[in-house]
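**Q** Show me how the following folds:
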Amino acid sequence: MASEQQEWCGWREATERALYGTDGFFRRAEGPAGHFRTSVHASPLYARAVTELLRRVDEALGRPPELALVDLGAGRGELLTGVLAAAAGQPHGLAARLRPYAVERAARPDGADARVEWRETVPEGFTGLLFANEWLDNVPVDIAETDADGVPRRVEVSAADGAERLGAEVTGEDAEWLARWWPLAGAEPGLRAEIGRPRDAAWTEAVRCVGAGLAVAVDYGHERAARPPFGTLTGFRDGREVRPVPDGTCDLTAHVALDACAAGTDARLVPQRDALRHLGLDGGRPPLALASKDPAAYVRALSAAGEAAELLDPAGLGGFGWLARPVGLPYGSLLP
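**A** Coordinates of the predicted model:
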């Protein structure tokens, strides 16, 4: 019985160990980019769009002497590298005033830009932009599943092989969260839900650290009226979707109940395609006349249009949601 108790645990505990333990998936040298592709990796246009958002935040804040960019869940610092390059061409000395932070549990990678402060926690009381790209989906959560009587029970998993069984009934604050955001009680057997309460808390704590500015979380998500009936937990390894096994060999991710994270605040939920268009991205083809006038420029413009189209595709990366919450400044024209 003792060994059985050690082998089985809830998905939240198992995911925490598998992703962030001593030998966890996100501690590996290759980083997330070695296994899956995010908007940051898809095109430098994404970093340019974030730079434009940073510029607008800077303007709304009255161009403070120091402007922070906090990349929460920074991977290996790819987004910050892109923004630092793009910021060099911005007016009003933005690059000189910019202070970039990478918030990441993995160690600082070799070759990281010396201007980036690498840390495990969000700095307190900063002024600027908090940007969390595909961070919330990796905040570990427990999973509930309805039994034969329609009672939501916590799903337990074996780290060795990903086998599952139903554990105790979901009670307390987790049951209250389910009742409000992802109702399962009385439902047919086998329906599942990811209990997003830890993500709500993690996002609230991150926003609390913003003294003045804007906090943005970007993730695949869903809202209460259209929750996926069997959940979204999956794994990724070497660029492929795989069965989720919490043994440290693959990413473990689940879509985010973004409406629950936003509850009770003045945050807005915006599709990525709308946010990026608002920040200047255009997936339209360049005019054919450019091909004869300047063939090299036409090829470059055509390539950029293709990259932008991928970022804007509603069936792909454009389907991400942006959860944006201003702190101490009006939302204004920062985002749609």
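**Q** Contact partners for A187?
**A** A187 sits next to T146, G150 when contact means CB atoms under 8 Å, 6 or more residues apart in numbering. Just so you know, the C-beta spots here come from the backbone N, C-alpha and C atoms, and that holds for glycine as well.
**Q** give me every residue that touches the residue nearest the centre of the chain.
**A** Central residue of the chain (CA atoms, centre = their mean): E134, 1.8 Å from the mean position. For E134, the contact set (CB under 8 Å, 6+ apart) comprises T38, G73, V218, D219.
**Q** ok, the first one to D294 distance?
**A** For T38, the distance to D294 equals 32 Å [CB to CB, to the nearest Å].
**Q** neighbour-wise, which of these two wins?
**A** For T38 versus D294, neighbours defined as other CB atoms under 10 Å are more numerous around T38 (18 against 13).
**Q** I'd assumed N133 was in contact with the more buried one.
**A** Yes: taking contacts as CB atoms under 8 Å, T38 lies within contact range of N133: 6.4 Å.
**Q** hmm, back to that, and the residue nearest to the centre of the chain, what pLDDT?
**A** Looking at E134, its pLDDT stands at 95.
**Q** what does A289 give?
**A** Note on A289: pLDDT of 75.
**Q** And for S292?
**A** Per-residue pLDDT puts S292 at 72.
**Q** Tell me, how many residues neighbour it?
**A** Residues lying near S292 (other CB under 10 Å) number 8.
**Q** ditto for C209
**A** When neighbours are counted by other CB under 10 Å, C209 comes out with 18.
**Q** list the contacts for L79?
**A** Contacts of L79 (CB under 8 Å, 6+ apart): V40, Y46, A47, V50, D71, F131, N133.
**Q** Can you select the buried ones from these in ChimeraX?
**A** Buried residues within the contacts of L79, by 16 or more other CB atoms under 10 Å, are selected in ChimeraX with:
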select :40,46,47,50,71,131,133
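**Q** Any chance of the contacts of L79 in TSV with secondary structure and distance to V57 as columns?
**A** Output for the contacts of L79, formatted as TSV (DSSP: H, G, I helix; E, B strand; the rest coil; distance: CB to CB, whole Å):
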residue	secondary structure	distance to V57
V40	helix	19
Y46	helix	17
A47	helix	15
V50	helix	10
D71	strand	14
F131	strand	10
N133	strand	16
